[in-house]
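> Quick one, fold the following:
(one chain, ligands or ions: 1)
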Amino acid sequence: MKIATKLTALGLALPILLSNHASAEGKLTVYCSVQNTTCEKMIQTFSKKYDIETKFIRNSTGATLAKLIAEKNNPQADIWYGGTIEHHFQAGDLGLFTPYRSPRQAEIMPQFKALTDKRGDLTSIVYLLVLGFGVNTEKLKQLGITEPPKCWSDLLDPRLQGYVQMPDPQISGTTYTAIATLIELWGEQEAFDYLKKLNANVSEYVKSALVTTNLSRGESAVAVGFIHSYATEKEKGAPVESILPCEGDGYSLGGMSIIKNARNLDNAKLFADWALSKEAQELVWRETKVYQIPTNIHAEASPQSVNPKQLKLINYDFDRFGASAEGKRLTDKWVKEVKLMK
Ligand code: PLP
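You can find the predicted model right below:
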């Protein structure tokens, strides 16, 4: 007997079964914090596959968190895909999400199992991001620098004055991860002393995408960011290389969380399950040439990505840096002690 017939015969769960199928209709709005091309491709593919009218609004991680806080009583989206996970944890801390533990979390890399067990009720880990520098080798040569910087301390070289760029952590998750990484490496006092000194070499704090294109154009010689962005630029022909700082491999994870009071909850769950799948995670690099590292154990990583087995990820306190009060304190401190001193 077919399962549906069997259930009908029992007078049981058919309505539930059907209501799950009904999720393959209707609408979905995604707040998307990955590259615009990736957002576009993912939304198009999902929409077609499940026949769900899906739209996305793209913003950097910090900007999306601010939007979610502002819209707390009237959410405008159903799910937040991508962006640094610290900000997802902070939003979770503020009560902005609906619990959903996707069965696909079982396919996430074992090194993130403990974190998934602890935080996976609200947030899933969709990719791994590795923090480092990008350098424009031609610009470095013009500046008389023959050895590219190897360590964070090398970015203080006075010859780099005006030629370093990093994103603004008020908008971008990348620099929040950088600040937290330096705190993990050296403690808060030393990390902020360093950031103040680095300020002398930084020309501008802009959006993360602009930091990367400015590096490729040679407007800057060094950028701080997630290194897969530089692999994409190099592939496009820019004289750009990526560097993993000697002090240890800082990192973040891509988060995904369903927004509280989502209007299209079933579709948001369907999207979450799909975004964690091998198919969706490979689509990111195969079709959009963005080389973040997939977290699904069955997904193949691009040859352009660093091999996660070769990384020595630093200890990273997601409880501390994912707490909303700490996020606000560190960002405000950076604005006051670093940015405003420009
Ligand atoms: N997710 C991906 C895949 C990224 O490449 C980046 C930045 O490079 C981020 C998230 C963080 O973006 P932002 O710093 O703009 O918040």
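
> Could you double-check that Leu313 lies in contact with Tyr251?
Yes: Leu313 is in contact with Tyr251 according to CB atoms under 8 Å; the separation is 5.3 Å. No exception for glycine: its C-beta is placed from N, CA and C like everyone else's.

> Find residues that contact each of the two.
By CB atoms under 8 Å, 6 or more residues apart in numbering, Leu313 and Tyr251 have no common neighbours.

> Which one's more surrounded, these two?
Shown here are Leu313 and Tyr251; by other CB atoms under 10 Å, Tyr251 has more neighbours (20 against 13).

> May I have the predicted confidence score for the more buried one?
Tyr251 is assigned 98 on the pLDDT scale.

> who touches it in this structure?
By CB under 8 Å, 6+ apart, Tyr251 lies in contact with 128-131, 177, 181, 311, 313-314, 316.

> filter these by proximity to the ligand?
Counting by CB under 6 Å from any ligand atom, Leu129 from these sit close to the ligand.

> got a winner among the contacts of Tyr251 for most neighbours?
Highest count within the contacts of Tyr251 by other CB under 10 Å belongs to Thr177, 27 neighbours.

> which residues touch Gly95?
Under the criterion of CB under 8 Å, 6+ apart, the neighbours of Gly95 are Lys260.

> what about it, which SS state?
coil (DSSP: H, G, I helix; E, B strand; the rest coil).

> looking at it, Ile79 is touching Val30, isn't it?
Yes: using CB under 8 Å, Ile79 is in contact with Val30, at 5.5 Å.

> Need the residues touching each of these two.
Listed contacts common to Ile79 and Val30 are Phe271; contacts here mean CB under 8 Å, 6+ apart.

> Among the contacts of Tyr251, name the ones in helices.
Among these, the ones falling in helices (DSSP state H) are 177, 181.

> Turn the contacts of Tyr251 into JSON lines, including pLDDT.
As requested, the contacts of Tyr251 are exported to JSON lines (pLDDT from 0 to 100):
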{"residue": "Leu128", "pLDDT": "98"}
{"residue": "Leu129", "pLDDT": "98"}
{"residue": "Val130", "pLDDT": "98"}
{"residue": "Leu131", "pLDDT": "98"}
{"residue": "Thr177", "pLDDT": "98"}
{"residue": "Thr181", "pLDDT": "98"}
{"residue": "Leu311", "pLDDT": "93"}
{"residue": "Leu313", "pLDDT": "94"}
{"residue": "Ile314", "pLDDT": "96"}
{"residue": "Tyr316", "pLDDT": "96"}
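
> now, which of the contacts of Tyr251 sits nearest Leu340?
Thr177 (21.5 Å; CB to CB).

> Spell out the secondary structure type for the residue lying closest to the closest one once chain neighbours are set aside.
Sequence neighbours aside, Ser252 is the residue nearest to Thr177 in space, at 4.3 Å (criterion: CB to CB, 6 or more residues apart in numbering). Secondary structure, three-state DSSP: Ser252 is strand.

> wait, Glu107 sits on Ile297?
Yes: contact criterion CB under 8 Å: Glu107 and Ile297 qualify, at 5.6 Å.

> between these two, which one's more packed in?
Applying other CB under 10 Å to Glu107 and Ile297 shows that Glu107 carries more neighbours, namely 16 against 11.

> give the contact list for that one.
276-278, 296-298.

> distance of the nearest residue in space to Glu190 that is not next to it in sequence from the ligand?
Nearest residue to Glu190, sequence neighbours excluded (CB to CB, 6+ apart): Leu182, at 7.8 Å. Going from Leu182 to the ligand by CB to the nearest ligand atom, to the nearest Å gives 16 Å.

> what's the answer for Ala238, then?
Using CB to the nearest ligand atom, we find Ala238 at a distance of 15 Å from the ligand.

> Doesn't that residue lie inside a helix?
No: secondary structure of Ala238 (three-state DSSP): coil, not part of a helix.

> Contact partners for it?
Listed by CB under 8 Å, 6+ apart, the contact partners of Ala238 are 136, 215-216.

> cool, Trp186 as well?
By CB under 8 Å, 6+ apart, the residues touching Trp186 are Tyr194.

> going forward, begin numbering at 17 instead of 1
Yep, numbering from 17; the last one is Trp202 now.

> From what I see, Ala237 and Gly160 are in contact.
No: using CB under 8 Å, Ala237 is not in contact with Gly160, being 10.8 Å away.

> For those two, work out which one has more neighbours and name it.
Legend: neighbour count by other CB under 10 Å for Ala237 and Gly160, higher for Ala237 (30 against 7).

> What is the nearest of the contacts of Tyr267 to Lys88?
Thr193 (24.5 Å).

> Next, work out how far apart the spatially closest residue to Arg120 that is not a sequence neighbour and the ligand are.
Nearest residue to Arg120, sequence neighbours excluded (CB to CB, 6+ apart): Leu292, at 3.8 Å. Look at Leu292 and the ligand: by CB to the nearest ligand atom, they are 15 Å apart.

> Give me the phi and psi for the residue nearest the centre of the chain.
Nearest residue to the geometric centre of the chain (CA atoms, centre = their mean): Gly99, 3.0 Å. For Gly99, the backbone dihedrals (degrees, to the nearest 10) come out as phi 100, psi 160.

> Next: Thr153.
phi -60, psi -30.
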